[in-house]
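**Q** need coordinates for the below:
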Amino acid sequence: MRFWRAAGCGLLMGVALSARADDLLSLYQEALRSDALFLSVRAETEAQRELLPQARAQLLPNLSWSGSQSKKTTEQVSQSTWGTQRSENDYDSHNYVLSLRQPLFRVHNFALYRQSRAQVSSADAALENAVQEVAVRVGTAYFDVLLAQSELDVNQAQQDACRAQLNYAQKAFVAGAGTRTDIDEAQSRLDLTRAQAMELEYRLEYARDALQSIVARPLTPLAPLNSDRLQLLRPDPERLEDWIQMAESVNPHLKALKANVDAAEQEVWKARAGHFPTVDLVAQRSRSDSDYDTSIGSAYDTRMIGIQVNIPLFSGGYVNSTVRQARAMLEKQRQQQEAARREISLEVRKEFDAASQGVHWVRAYEQAVKSAEQTLFSTKKGFQAGTRNTLDILNAERDLAAARQDLNRGRYQYILARLKLLALVGRLDEVEMGHFNTWLKIRR
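**A** Predicted structure coming up:
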């Protein structure tokens, strides 16, 4: 089967690449170096940071130099009493200009600088949010693999039990102590668990592919969950309102949207700048030699310093239109920020409840597994005593498998709820990922 071939190749490459299994922390660190989505956000952030020096340059002096050197020929034709007179002059012409312009009052440039600071803040917050998303994506993919593997293990144990029961029923039938119905029931349950195994194998393969796409390399066997190390603790602080308040103040996505609102406000000022005058300090030094045919052989050295004022009077309504447009975009950014705030508050409530209730769910599932194991043990004893049949044992095996699957899902849902809750408040960093990593069985 394709799954087993892929699993075998992955195992061999894992042995060649590493002496120990991949764990959550190491894969998270690799994802920060190789995940394409994160690297694209980081590159975009670096590009956005260049907006600030570009805007600052608009407030600083602008110094330029221009020059020209040419060889000219002038032919002069004139009329006199002696007829038409022609003369021709060949001469070199030189022209050099050094100009300095210092903006003194430009509302557009000032707004542009403030806007660029907001845009850089937005980009930094987006990068911070991308780091949180990498941690969530790696964690989700990692525990999806562990969950799929655990369900496949449960299924394999169920198949072994069905085979043992089928073998027992066949021997009992041959010895005259069993019925054909017992054999058919055991065979039917075995066929069903085999069919379920095919689906579980596909889910495991897909989960591994999803994790491999993040770290961009084949995986070694993953470090499994150590249930003895799993800490079933309620979120700290224990009040939901405290988590919502933290999220609204430090959530990276909300910080980025807040900076976008600030940038949109400065866009309004940039549009309004069309109504304001501009004032520049201008200084110039120029030198020309034989610049025109009327100044052949003459040199000029000119110095100029002054204030240049430009007052806009009428632009056909263009400025008013851009102001209205900028205000509409500002309102859009504000509404997007509010919508995100409400959505994140809802997400915090969801993950907080899942992490809080997950403690009780996992403990209840642990008790359910113990009860199902005891029920199976009692059913087997009853079968030996003649008070139970093969179907009762198979049903007890099925109930135990379902209880174990519920326990596994409950544990992973609890872990992911804590992981996502920390990400919503911007606290899912390498230290926290290392804390989650201590819950795994890591081979040293």
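
**Q** strands of the protein, start to end?
**A** Using DSSP state E, the strands found in the chain span residues 62-80, 83-105, 278-289, 299-310.

**Q** low-confidence regions, the chain specifically.
**A** 1-20, 80, 83, 290-297, 444 (pLDDT under 70).

**Q** so who does the residue most central in space within it touch?
**A** The centroid of the chain falls nearest to residue 130 when counting by C-alpha atoms, centre = their mean (3.3 Å). When contacts are counted by C-beta atoms under 8 Å, 6 or more residues apart in numbering, residue 130 touches 37, 38, 41, 42. Any C-beta I mention is one placed from the backbone N, CA and C, and that applies to glycine too.

**Q** again, only this time at 6 Å
**A** By C-beta atoms under 6 Å, 6 or more residues apart in numbering, the contact set of residue 130 is 38, 41.

**Q** now swap in residue 269 and tell me
**A** Applying C-beta under 6 Å, 6+ apart, the residues near residue 269 are residue 111.

**Q** then residue 259?
**A** Applying C-beta under 6 Å, 6+ apart, the residues near residue 259 are 118, 121, 122.

**Q** save those residues as JSON lines, and put in neighbour count and distance to residue 337 too.
**A** What follows is these, written out as JSON lines (neighbours: other C-beta atoms under 10 Å; distance: C-beta to C-beta, whole Å):
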{"residue": "118", "neighbour count": "20", "distance to residue 337": "13"}
{"residue": "121", "neighbour count": "19", "distance to residue 337": "14"}
{"residue": "122", "neighbour count": "21", "distance to residue 337": "11"}
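
**Q** which among those gets closest to residue 283?
**A** Residue 283 lies nearest to residue 118 out of the contacts of residue 259, by C-beta to C-beta, at 33.2 Å.

**Q** quickly note the distance from the closest one to residue 171.
**A** In this structure, residue 118 and residue 171 are 79 Å apart, going by C-beta to C-beta, to the nearest Å.

**Q** how is this protein carved up into domains?
**A** 2-58+106-275+317-437, 62-104+277-311 (automatic domain parsing).

**Q** gap between the first one and the chain center?
**A** Yep, that's domain 2-58+106-275+317-437 we're talking about. 14 Å (C-alpha atoms, centre = their mean, to the nearest Å).

**Q** ok, residue 358 touching residue 414?
**A** Yes: using C-beta atoms under 6 Å, residue 358 is in contact with residue 414, at 3.2 Å.

**Q** just say which of the strands of the chain is most tucked in.
**A** Compared across these, strand 278-289 shows the largest average neighbour count, a mean of 16 (mean count of other C-beta atoms under 10 Å).

**Q** just give the nearest non-adjacent residue to residue 67, would you?
**A** residue 96 (4.3 Å; C-beta to C-beta, 6 or more residues apart in numbering).

**Q** what are the bridge partners for that neighbour, then?
**A** residue 67, residue 287 (DSSP bridges).

**Q** OK, contacts around residue 179?
**A** So residue 179 contacts nothing (C-beta under 6 Å, 6+ apart).

**Q** phi, psi for it please.
**A** phi -120, psi 160 (degrees, to the nearest 10).

**Q** distance check, residue 115 against residue 259.
**A** 10 Å.

**Q** so who does residue 85 touch?
**A** residue 78.

**Q** now it, which residues is it bridged with?
**A** With DSSP bridges as the rule, residue 85 is bridged to residue 78.

**Q** and the gap between it and residue 77?
**A** In terms of C-beta to C-beta, residue 85 sits 7 Å off from residue 77.

**Q** same question, residue 145
**A** Counting by C-beta to C-beta, the gap from residue 145 to residue 77 is 94 Å.

**Q** excluding chain neighbours, what is closest to residue 391?
**A** Spatial nearest neighbour of residue 391, chain neighbours left out: residue 185 (5.1 Å); criterion: C-beta to C-beta, 6+ apart.

**Q** the one you found reaches residue 392, doesn't it?
**A** No: Residue 185 lies out of contact with residue 392 (C-beta under 6 Å); the separation is 10.0 Å.

**Q** distance of residue 424 from residue 411?
**A** 21 Å.

**Q** residue 134: how many residues sit nearby?
**A** When counting by other C-beta atoms under 10 Å, one arrives at 21 neighbours for residue 134.

**Q** do you know which of the strands of the chain lies nearest residue 265?
**A** strand 83-105 (20.3 Å).

**Q** how far off centre is the closest one?
**A** 59 Å.

**Q** what about the helices in the protein?
**A** Listed in chain order, the helices of the chain (DSSP state H) span residues 2-17, 24-34, 36-49, 51-57, 107-174, 180-215, 240-250, 252-272, 318-385, 390-424, 430-437.

**Q** okay, the shortest one in CSV with CA atoms only?
**A** Extracted in CSV, the C-alpha atoms of helix 51-57 (Å, rounded to 0.1, in the frame of the first residue of the first chain):
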residue,chain,number,x,y,z
LEU,A,51,9.0,53.1,3.9
LEU,A,52,10.3,55.0,7.0
PRO,A,53,13.7,56.0,5.6
GLN,A,54,11.9,56.9,2.3
ALA,A,55,9.5,59.1,4.0
ARG,A,56,12.2,60.7,6.2
ALA,A,57,14.1,61.5,3.0
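
**Q** so what does it touch, helix or strand wise?
**A** helix 107-174 (3 or more C-beta pairs under 6 Å, 6 or more residues apart in numbering; DSSP states H and E).

**Q** quick one: the helix it packs on to helix 24-34, angle?
**A** Calculated by axes from the mean of the first three to the mean of the last three C-alpha atoms, to 10 degrees, helix 107-174 forms an angle of 140 degrees with helix 24-34.

**Q** tilt between helix 107-174 and helix 240-250?
**A** Here helix 107-174 runs at an angle of 130 degrees relative to helix 240-250 (the same axes, to 10 degrees).

**Q** let me know which of the strands of the chain is the nearest to residue 344.
**A** strand 83-105 (41.1 Å).

**Q** tell me the angle that closest one makes with strand 278-289.
**A** Using the same axes, to 10 degrees, strand 83-105 lies at 150 degrees relative to strand 278-289.

**Q** what distance do you get for residue 24 to residue 282?
**A** 63 Å.

**Q** and if you look at residue 133?
**A** 50 Å.

**Q** do residue 219 as well
**A** Distance from residue 219 to residue 282, by C-beta to C-beta: 65 Å.

**Q** export the helices of the chain to CSV and tack on distance to residue 224?
**A** Compiled in CSV, these are given as follows (distance: least, C-beta to C-beta, whole Å):
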stretch, distance to residue 224
helix 2-17, 14
helix 24-34, 11
helix 36-49, 26
helix 51-57, 47
helix 107-174, 6
helix 180-215, 13
helix 240-250, 30
helix 252-272, 31
helix 318-385, 16
helix 390-424, 11
helix 430-437, 12
